[in-house]
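Visitor: Just to be clear, the model below is a prediction. Sequence and coordinates:
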Amino acid sequence: MMDDGRVGDGAPGVGGGTVLIAGASELVTGDPQRGAGSLGIIDGGAIVVEHGRVAWVGPLADAPQADTRVDVGGRTLVPGFVDSHSHLVFAGDRAHEFTARMQGEAYDGGGIGVSVAATREASDDELRSLVAVRVAEMRESGTTTFEIKSGYGLTVEDEARSLRIAREFTDETTFLGAHVVAPELRESREAYLDLVTGPMLRACAPHARWIDVFCEPNSPHAFTGDESRRVLEAGRDAGLELRVHGNQLGPGPGVQLAVDLGAASVDHCTYLSDADVDALVGASDRTVATLLPGVEFSTRSPYPDARRLIDAGVSVALASDCNPGTCFTSSMSFMIALAVREMGMTVAEALSAATAGSAKSLRRNDIGTLVPGMRADVTVIDAPSHDHLAYRPGMALTRVLDLGIGRHSSE
C-alpha cells in the first residue's frame with residue numbers, strides 16, 4: 001500500500017472534520033493570484049484542510065471555523081516538494097566513484113554496471129527495505145510526491161520486480177530498461193534493444209506510468225537518438241507516457257527528440273544549443289526542462305544555465321536524480337540552494353521549479369500549489385521565510401506537515 005509519509009487514517013481532515021493550519025509567518029501558496037509576488041505569498045496566512053484537500057487559504061483573521069487547529073509556531077508553509085526524477089531501486093555502493101571524480105576522473109555512465117550487478121544479487125526484501133529507507137529520507141526533508149525509475153536490473157525479471165517494488169511506494173513509476181546496454185549484451189546492442197522494446201516492455205508496462213531512455217551519444221554505454229526514438233515509440237504504443245534523459249554529457253538529440261514526441265519532461269539539459277532552447281520554448285505547454293543540479297555537484301560538471309532557460313520562456317523543474325553513482329542525495333532543499341548559487345535562479349524561481357514545475361513535469365494538476373481543491377501536501381520550513389532554503393544550505397529546516405491524510409495517489 002502506498003503512503004506519503006503521513007499516518008493515522010481518520011485523523012483530522014480525513015473524515016468529516018476540518019483542520020485549520022495557523023501560526024505561519026509566511027504561507028507560500030504558489031499562486032500569484034492568491035498573494036504577493038510570483039509565489040503568491042500571504043504573510044500570516046492560514047490553510048483549512050478538509051478530506052485531505054485544501055478547502056481555504058487566506059489571512060488568519062479571515063479563516064473560517066474548523067474542528068481542529070494546528071499551530072506551526074511562526075514557521076513558513078510551502079507546497080510539498082515534488083521530486084520528479086529519482087532512481088531509488090538499487091543495491092550496493094559507489095562511493096569510490098565519487099572520490100575518483102573529486103580527483104579529476106570524468107563521468108561517462110560506465111559505473112551503472114556496478115549497481116546493476118549488486119541489484120541483481122539483492123533479494124526482493126532487501127531492495128524493498130532499501131527503498132523504504134530512501135523514501136523515508138525524502139519525506140523527512142519535505143518531499144511529498146516522488147517518481148521512481150527502474151534501470152538497475154536490465155533483465156526482464158529484474159526490471160519488472162524493480163517496478164513492482166517501486167509501485168509499493170508511488171504511482172509515479174518509470175520503466176528505464178534503456179538506462180544503458182546490459183553488460184552481457186554490450187556487443188549485441190540490437191539484441192538488447194529488441195529485448196527492451198519487446199519482452200521487457202511487456203513485462204514492465206503493467207507496473208509503470210512512464211518510459212524513459214538515456215539518450216546520450218556522448219556515452220558508449222547509453223543510446224543514440226535513433227535508438228532512443230525506437231524505445232520511446234515502443235513505450236508510447238504500449239500506453240506509457242514519455243520522459244527523456246538528454247543533453248547531459250554534451251550536445252545531443254535528446255531535447256529535440258523529447259519535443260518531437262511530446263514527452264512530458266527532458267531531464268539534465270546541461271548542453272543546449274539555441275535550437276534546443278527554441279524548441280523547449282515552443283513546447284513549454286507540454287515539455288518541461290527538468291534540471292538536476294545535484295548531478296553537477298557530484299560530477300564536477302558544468303551546471304545547466306537555468307537563467308537562460310527561464311528568460312527565454314522555457315518551463316523549468318528541479319529534481320534530485322537521487323541515484324548511487326552521480327547524486328546520492330534526495331534533498332530538494334539542497335537542489336534549491338544549488339540552483340540559486342550555481343544556476344542563476346532566484347529563491348522564488350527555484351522553489352516554484354521544485355513544486356509546481358516538477359508537478360507539471362509529471363502532468364499532475366493536484367499537487368505543487370496550496371490553493372483550494374489541491375492535495376493538502378504541506379511542507380514546513382523551520383524559518384520565518386522561504387529564503388532560508390538557500391540562505392541556510394545543508395540545515396535540516398524542512399519537514400512534511402503530518403495531518404494523517406494517508407496514502408498518496410496519482411488519481
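Guide: Right, received. Where do you want to start?
Visitor: Now tell me which helix or strand of this structure has the poorest mean pLDDT.
Guide: helix 95-102 (a mean of 85; mean pLDDT, DSSP states H and E).
Visitor: For it, C-alpha coordinates in CSV please.
Guide: Taking C-alpha atoms only, helix 95-102 is exported to CSV below (Å, rounded to 0.1, in the frame of the first residue of the first chain):
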residue,chain,number,x,y,z
ALA,A,95,31.3,6.0,-3.1
HIS,A,96,34.7,5.2,-4.7
GLU,A,97,33.4,6.7,-8.0
PHE,A,98,32.6,10.0,-6.2
THR,A,99,36.1,10.0,-4.7
ALA,A,100,37.6,9.4,-8.1
ARG,A,101,35.6,12.2,-9.7
MET,A,102,36.7,14.6,-7.0
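Visitor: what does that helix rub up against?
Guide: Helix 95-102 is contacted by residues 105, 107, 111, 114, 298-300, 325, 328 when judged by Cβ atoms under 8 Å, 6 or more residues apart in numbering. All C-beta atoms are positioned from the backbone trio N, CA, C, and that covers glycine.
Visitor: what angle separates the helix or strand just after it from helix 95-102?
Guide: Next helix or strand after helix 95-102 toward the C-terminus (DSSP states H and E): helix 112-121. Per axes from the mean of the first three to the mean of the last three Cα atoms, to 10 degrees, the angle that helix 112-121 makes with helix 95-102 is 170 degrees.
Visitor: mind listing what's buried in helix 112-121?
Guide: By 16 or more other Cβ atoms under 10 Å, the buried positions in helix 112-121 come out as 112-116, 118-119.
Visitor: just to revisit the earlier point, now the least confident helix or strand of the chain, how far from the chain's geometric center?
Guide: 24 Å (Cα atoms, centre = their mean, to the nearest Å).
Visitor: what comes up buried for that helix?
Guide: So for helix 95-102, counting by 16+ other Cβ under 10 Å, buried means 97-98, 101.
Visitor: Low-confidence regions, the stretch 251-400 of the chain specifically.
Guide: Applying pLDDT under 70 to the stretch 251-400 of the chain flags no residue at all.
Visitor: now the helices for it?
Guide: 254-261, 274-282, 293-299, 306-312, 332-342, 347-352, 358-361, 388-391 (DSSP state H, counting those that start in this stretch).
Visitor: which other helices and strands contact the last one?
Guide: The one in question is helix 388-391. Applying 3 or more Cβ pairs under 8 Å, 6 or more residues apart in numbering; DSSP states H and E, we find helix 388-391 packed against helix 332-342, helix 347-352.
Visitor: Would you mind identifying the next helix or strand past the longest helix seen in the chain?
Guide: Ordering each helix of the chain by length in residues (DSSP state H) puts helix 124-140 first. Downstream of helix 124-140, the first helix or strand assigned by DSSP H and E is strand 143-146.
Visitor: Neighbouring strands - and their directions - for that following strand?
Guide: Paired strands of strand 143-146, with direction, are strand 81-83 (parallel) (DSSP bridges).
Visitor: Show me where the stretch 151-300 of the chain has its strands.
Guide: 173-178, 210-215, 241-246, 265-268, 288-291 (DSSP state E, counting those that start in this stretch).
Visitor: Show me what counts as buried in the third one.
Guide: To tie it back to what came earlier, the one meant is strand 241-246. Buried, per 16+ other Cβ under 10 Å, within strand 241-246: 241-246.
Visitor: got a list of contacts for that strand?
Guide: Here strand 241-246 makes contact (Cβ under 8 Å, 6+ apart) with 174, 209-216, 222, 228, 232, 235-236, 252-255, 257-258, 261-269, 363.
Visitor: Given that strand, what are its sheet partners and their directions?
Guide: Assessed with DSSP bridges, strand 241-246 is paired to strand 210-215 (parallel), strand 265-268 (parallel).
Visitor: between those, which one is nearest to residue 152?
Guide: Across the strands paired with strand 241-246, residue 152 has its closest neighbour in strand 210-215 (12.2 Å, Cβ to Cβ).
Visitor: Only alpha carbons, please: show that closest one as PDB.
Guide: The C-alpha trace of strand 210-215 is given here as PDB (Å, rounded to 0.1, in the frame of the first residue of the first chain):
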ATOM      1  CA  TRP A 210       6.200   6.300 -17.800                       C
ATOM      2  CA  ILE A 211       9.000   5.100 -20.100                       C
ATOM      3  CA  ASP A 212      12.400   6.800 -20.100                       C
ATOM      4  CA  VAL A 213      15.700   6.400 -22.100                       C
ATOM      5  CA  PHE A 214      19.200   7.600 -21.500                       C
ATOM      6  CA  CYS A 215      19.600   9.400 -24.900                       C
END
